[in-house]
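Novice: Pasting a predicted model and its sequence here:
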Amino acid sequence: MTITIDVQAAFENDPPALDFVWPGFLAGTVGALVAPGGAGKSFWALEAAMAVAGGDAPGSDLLGLGPSRAGRVVYFAGEDPLPILEYRIHAIGKHLPCQVHPVIAGRMTVKTVVGQCMNVMDEPTLRQVVGECLGARLIVLDTLSRFHSLDENSNGDMARLVSRLGRIAVETGASVLYLHHVTKGSTKEG
């Protein structure tokens with residue numbers, strides 16, 4: 001689906017204010033967090049998700065991201081099993097004020113999909129994800145390779161995948177943050 005911009009109206013009317021989930025991450029778009037395995041991407045993404053879920057609740061933004069407003073977060077964990085997720089959430093929770101815990105818990109859903117086929121390129125799966133995430137502020141896919149069956153070395157396949165993530169963002173109104181591994185050797189090579 002393409003959207004045509006009325007250029008004359010754009011000349012004449014003030015555009016709506018840009019809505020950023022946090023500075024630099026526009027609502028309804030796709031963003032990536034890319035780093036080698038073991039760099040802390042999942043911990044960072046969980047803390048960012050908690051900051052969005054916590055909104056302006058004092059002490060909920062451990063990363064200092066400054067989310068513009070609170071919103072519902074859906075976090076799909078494709079690599080980490082339930083015990084690891086519970087450990088990470090508990091560890092982060094020790095650094096949050098206790099009064100923030102129910103605020104975050106009320107707006108944040110964390111799902112482990114380890115061992116499940118959650119291929120967003122599959123239309124029924126896409127419909128399920130969109131249905132679960134309608135009205136969310138942020139969707140996290142941790143890590144991207146667990147949510148498709150395409151060739152990650154194919155520019156065409158990856159363009160189709162990012163386009164599909166954009167569709168999820170548009171249809172849900174949420175920003176989609178995906179985590180992606182690069183090899184540890186790639187950091188040595190620059």
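Specialist: Thanks, I have the structure now.
Novice: For the rest of this, base every contact and every neighbour count on C-alpha atoms.
Specialist: OK.
Novice: same for the strand or helix carrying Ile104, what does it pack against?
Specialist: Using DSSP states H and E, Ile104 sits within helix 101-107. The contact analysis (3 or more CA pairs under 8 Å, 6 or more residues apart in numbering; DSSP states H and E) places helix 101-107 against helix 41-54.
Novice: 10 Å instead, please
Specialist: Applying 3 or more CA pairs under 10 Å, 6 or more residues apart in numbering; DSSP states H and E, one finds that helix 101-107 contacts helix 41-54, strand 73-77.
Novice: now for these, which one comes closest to His101?
Specialist: His101 lies closest, by CA to CA, to one member of the helices and strands packed on helix 101-107: helix 41-54, at 8.4 Å.
Novice: By residue count, tell me the biggest helix in the protein.
Specialist: helix 155-172 (DSSP state H).
Novice: show me where pLDDT drops low in this structure?
Specialist: 1, 183-190 (pLDDT under 70).
Novice: got the residue ranges for the strands in it?
Specialist: Assigned by DSSP state E, the chain shows strands spanning 20-22, 25-26, 30-36, 73-77, 108-112, 138-142, 175-182.
Novice: closest to Gly55 out of these?
Specialist: Of the strands of the chain, nearest to Gly55 by CA to CA is strand 20-22, at 10.0 Å.
Novice: other SSEs contacting the closest one?
Specialist: Looks like strand 20-22 contacts helix 41-54 (3+ CA pairs under 10 Å, 6+ apart).
Novice: Just name whatever secondary elements the helix it packs on is in contact with.
Specialist: Using 3+ CA pairs under 10 Å, 6+ apart: helix 41-54 touches strand 20-22, strand 30-36, strand 73-77, helix 82-93, helix 101-107, strand 108-112, strand 138-142, strand 175-182.
Novice: I'd like those written out as JSON lines, with distance to Asn155 and mean neighbour count added.
Specialist: Shown next, in JSON lines, are the helices and strands packed on helix 41-54 (distance: least, CA to CA, whole Å; neighbours: other CA atoms under 10 Å):
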{"stretch": "strand 20-22", "distance to Asn155": "28", "mean neighbour count": "19"}
{"stretch": "strand 30-36", "distance to Asn155": "16", "mean neighbour count": "17"}
{"stretch": "strand 73-77", "distance to Asn155": "24", "mean neighbour count": "24"}
{"stretch": "helix 82-93", "distance to Asn155": "32", "mean neighbour count": "14"}
{"stretch": "helix 101-107", "distance to Asn155": "36", "mean neighbour count": "16"}
{"stretch": "strand 108-112", "distance to Asn155": "28", "mean neighbour count": "18"}
{"stretch": "strand 138-142", "distance to Asn155": "20", "mean neighbour count": "26"}
{"stretch": "strand 175-182", "distance to Asn155": "15", "mean neighbour count": "21"}
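Novice: Figure out which of the ones you listed is closest to Met118.
Specialist: strand 73-77 (9.7 Å).
Novice: Tell me what angle the closest one forms with helix 41-54.
Specialist: 160 degrees (axes from the mean of the first three to the mean of the last three CA atoms, to 10 degrees).
Novice: Nice, that's everything, thank you.
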